[in-house]
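S.K.: Mind folding the following:
(chains A, B and C)
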Amino acid sequence: MASGRIQVRVPKDLWDPSETEEGVIANWFCEDGAQVEQGATIAEVAVEKSTYDVIAPAAGSLTIAVPQDGVVQPGTVIAYIAMG
Amino acid sequence: MPSSRKLTVSRAMSEAIAQEMRADPQTFVMGEDVGAFEGVFDSTLGLLEEFGEERVRDTPISETGFIGAGVGAAMSGMRPIVELMFVDFIGVCMNAVYNLAAKNIYFSAGNCKVPMVLMTGTGGGYNDAAQHSQALHATFAHLPGLKVVAPSNAYDAKGLLTTAIRDDNPVVYMFHKGLQGLVWMASPAGAATEVPEESYTIPFGEARTVRSGRDVTIVAISMTVHGALAAAEELATEGIEAEVIDLRTLVPLDRDTVIESVKRTGHLVVADEDYRSYGLTSEVITSVVEAHPDYLKGPPQRVAMPDIPVPYSRPMEDAMLPNAERIASAARHTTGRG
Amino acid sequence: MSATKDDLLWMYAAMVKARYYEDTMATVYMEGKKPKFDIGAGLVPGEMHLAAGQEPCAAGVCVHLRNDDTVTAPHRPHHVAIAKGVDLNRMTAEIFGRVDGLGGGRGGHMHLFDPAVNFVCSGIIAEGAPPAVGAALGARMNGRDAIAVSYVGEGAPNQGGFHEALNLAGVWQLPVVFIIEDNSWGISVPKSKSTAVADNAIRAPGYAMPGVRIENNDVLTLYDAAADAVARARAGQGPTLIEVETYRYYGHFQGDPEIYRPKDEVKGLKAKDPIDRLYHYLMDNQITDSSDLEAIAQRCREEVDAAYAFARKSPEPAPEAALEHVFV
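M.R.: Residues are numbered from 1 along each chain as shown, chains lettered A, B, ... in the order given. Sure, this is the predicted structure:
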């Protein structure tokens, strides 16, 4: 059984930072500390008026690193999932 | 341990529609920009992708045409969910709603059904001015033959929309744009809530007491529920305990819950984003007074948009909306504490 | 002209029945309203819009329809309801406001709903067109070849909802047939003063559908045009607009002093009565004989008389019944 802590990142190629510097976490869809399922939509990143869903890469307990309305770039770690 | 999942109101609405569309092939959606755009207010997320163009139909800008068509389709056995993008547009298509949808069951003594949902975006607070910021709750609630629903949060949004879709009567489902959780419009923190993954219904005509209190009853709907809760927190620091009731549906209206609360608190504030005169606030107050004039120990208060077109400029609009400050002030006034 | 003998006799019966129904209503409606016309008094209160003279519009189209085809009609509906097969007893009881009416007395003459034959009529001009489009949409989405027919008067093509309905039917290519009964009078305003065109059929290509104008209130040419339109719709080839030049013998509503109408207009119209013309066509072409036609007419009159008797006998509703059936 896999265990340990993995990072949840804004996908590195989600947008071109030379065009738009920043995105924001528009919504978290679970509370800090919640159990999440692999494949669940856990957050929404807004880049200007477009939105992107962030999917949990694994199941486990979620620790939010960047809160709602926090600024992010491609690659930013927004949360950790403690698996197992 | 089951995962707890929070959804925005718009995602909860879209999920309700998707689940009903999976369960019943007669259910379909039509409206302006509900397809590839997924609804200007995100009410139809993921639907075109899952169900295709036949069942998720972009319409021309013809509200009389496609809402009237919704009535005809509903009477022929379909379950249409028709979107009126902004409730303010009701002016161009009122006949289809209040003379057709609302009356055909009555005209036919129940031999015909009209299982249509008219979902529509309401509300202001983001500077869209008078023709795009109205609430118009009472406009629909006043006309017999329509059920009228206005959720304040994602959990209620999904349950009420599921109930609406399954209802064989016409239901006007009024979602506040500022509660949707849109990335381009701020929404209060309490709007997005935990939402069960499975399908569930919430009966119409059942208000929810979202905060208990002994000193004053604050009745609210849609966006004003959040203002009322914020006001209640402020009032608590002053020793005034407010009971906040979320009506959830205007028709049918849960008068009993309000009356029972006022019996205990003796004080009543009603908050509604719709215009002040001839509206929901008056209806709730009158419902208490005509049944139990003795319950009220202080003058009941209406906190609503004044009888003006909604102003554009931020300082004007912000001051005119029934916000937490005005609600708290009304509560102090009626309890004689300010 | 392609009508079979059965269809011809069916249309004859539908027209005779409708004419007798309307002429009977003209008399019955006045019971209790004299000496001074009081619209709210008497056996049949309220407004009354009679369609005597317009029978071809109903017969020539409905002859091609099935039970599961939807028809929406406006405030002058009786001839269409009869041709569609609406329950005549319950329709008449509804017009009388009685318990046994189609709506238990809640709708009256302008709001007749018979789901058994998918007939609906309603009083707001042009507003029956969008629901017909919706019924057609429902049929198409379910893979049924049922169609919808929307009846409007010649005033309706100037109302916004009519254009929206035609555009919607055109852009989605829905199985709708739009019938305009052009009796040339919008209450007191003639078509020439209200409508930018003399012939509404020319508006049709603007909505991606063919348009046809039938002259002279002729049931046989309408039969042919409607056959084509209905077949097109059923075959998934989209909507059609048909405007029929017709005429009403009575006023816009009963009690209408008709000051707007030239004195001898109705007399001139009756000289070319469409039922007489069909009668002569059937006789001249030896399709049947006069005793057969008289037997048909007799049966129609008996059915209508029975419907009126049924309505008279039906009880009035209790006042508190008004509170029922707001919702199902």
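
S.K.: Residue C:39 touches residue C:30, doesn't it?
M.R.: No. The criterion here is CB atoms under 8 Å, and residue C:39 misses it with residue C:30 at 11.2 Å. The way it works is simple: take the backbone N, C-alpha and C, and place the C-beta from them, glycine included.

S.K.: Write out the residues of the stretch 201-328 of chain C neighbouring chain B.
M.R.: Proximity of the stretch 201-328 of chain C to chain B, by CB under 8 Å from any CB of the partner chain, involves residues C:324-328.

S.K.: Which two of these have the greatest separation?
M.R.: C:324 and C:328 (10.7 Å; CB to CB).

S.K.: show me the contacts for residue B:83.
M.R.: B:29-32, B:34, B:39, B:43-44, B:118-120 (CB atoms under 8 Å, 6 or more residues apart in numbering or on different chains).

S.K.: Pick out whichever of the residues you listed sits closest to chain A.
M.R.: Closest approach to chain A among these (CB to the nearest CB): residue B:39, at 12.9 Å.

S.K.: per-residue pLDDT, that closest one?
M.R.: pLDDT recorded at residue B:39 is 95.

S.K.: Show the contacting residues for it.
M.R.: B:10, B:14, B:31, B:33, B:45, B:83.

S.K.: Just the contacts of residue B:83: which are in strands?
M.R.: B:29-31, B:118-120 (DSSP state E).

S.K.: taking the contacts of residue B:39 one by one, which sit in helices?
M.R.: Among the contacts of residue B:39, the ones falling in helices (DSSP state H) are B:10, B:14.

S.K.: Now do the shared contacts for residue C:324 and residue C:328.
M.R.: Going by CB under 8 Å, 6+ apart, residues that sit against residue C:324 and also against residue C:328 are residue B:110.

S.K.: Can you point out the helix or strand that includes the residue nearest in space to the middle of chain C?
M.R.: What sits nearest the mean C-alpha location of chain C, by CA atoms, centre = their mean, is residue C:80, with 3.0 Å. Using DSSP states H and E, residue C:80 sits within helix C:78-84.

S.K.: ok, the worst-scoring helix or strand of chain A on mean pLDDT near chain B or not?
M.R.: When the helices and strands of chain A are compared on mean pLDDT, DSSP states H and E, strand A:50-55 comes out lowest with a mean of 90. Yes. Strand A:50-55 is in contact with chain B by CB under 8 Å from any CB, via residue A:51.

S.K.: Mind listing what's buried along the helix or strand that that strand is followed by?
M.R.: Remark: after strand A:50-55, the chain's next helix or strand is strand A:60-64, criterion DSSP H and E. Across strand A:60-64, burial judged by 16 or more other CB atoms under 10 Å in any protein chain shown covers A:60-62, A:64.

S.K.: Nearest to residue B:112, out of the residues you listed: which one, please.
M.R.: residue A:62 (50.7 Å).

S.K.: For the closest one, give me the pLDDT.
M.R.: For residue A:62, the predicted pLDDT is 95.

S.K.: Please report the distance of it from chain C.
M.R.: Going from residue A:62 to chain C by CB to the nearest CB, to the nearest Å gives 42 Å.
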